[in-house]
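Chemist: return atomic coordinates for the entry below.
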Amino acid sequence: MSEARTPAQIEADIVRRREQLAETLDEIGVRMHPQTIIGDARARVASTVDQTAGRAFATVNRVVTDVRDGLRHEDGSPRLERVVPVALLAVGVVGLLVVSARRRRG
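Modeler: A predicted model of the protein is given here:
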């Protein structure tokens, strides 16, 4: 059986528990403060954007590398049978954009 506690021990336990409760309430108050909640949400959004941007960059980099590799022979010389159609397509798209922009203005 446990020994009987003295009134001083009981009082010390009460004081200790009050201090623990006060710390817990202070922590809850900080966590529930609107600025803390907003800051946490901003940090989560920034992290998500960084991850998404990183994945997008990696994907675009891979696609560009694949296209570039498809336009060259293994020795590095250009594959004209592929480069010329791509160049013509690019010129056509730019031309359409210029014509479209001029029509909007005029």
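Chemist: and after the longest helix along the chain, which helix or strand comes next?
Modeler: Determined from DSSP state H, the single longest helix within the chain is helix 34-70. Per DSSP states H and E, the first helix or strand lying C-terminal to helix 34-70 is helix 80-105.
Chemist: work out the gap between that following helix and the centre of the chain.
Modeler: In terms of C-alpha atoms, centre = their mean, to the nearest Å, the centre of helix 80-105 is set 34 Å apart from its chain centre.
Chemist: next, the angle from it to helix 34-70.
Modeler: Here helix 80-105 runs at an angle of 130 degrees relative to helix 34-70 (axes from the mean of the first three to the mean of the last three C-alpha atoms, to 10 degrees).
Chemist: and helix 80-105, what does it pack onto?
Modeler: With contacts taken as 3 or more C-beta pairs under 8 Å, 6 or more residues apart in numbering; DSSP states H and E, helix 80-105 sits against no other helix or strand. C-beta: built from backbone N, CA, C; applies to glycine.
Chemist: how near is Val49 to Ala43?
Modeler: Noted for Val49: a distance of 11 Å to Ala43, by C-beta to C-beta, to the nearest Å.
Chemist: and Arg18, by the same measure?
Modeler: Distance from Arg18 to Ala43, counting by C-beta to C-beta: 33 Å.
Chemist: swap in Thr59?
Modeler: Here the criterion is C-beta to C-beta. By it, Thr59 lies 25 Å from Ala43.
Chemist: equivalent analysis for Thr52, please.
Modeler: On the measure of C-beta to C-beta, Thr52 and Ala43 end up 15 Å apart.
Chemist: before we move on, what about Gly92?
Modeler: Counting by C-beta to C-beta, the gap from Gly92 to Ala43 is 46 Å.
Chemist: again with Val91
Modeler: Computed with C-beta to C-beta, the distance linking Val91 and Ala43 is 46 Å.
Chemist: same thing with Val84?
Modeler: Using C-beta to C-beta, one gets 50 Å for the distance from Val84 to Ala43.
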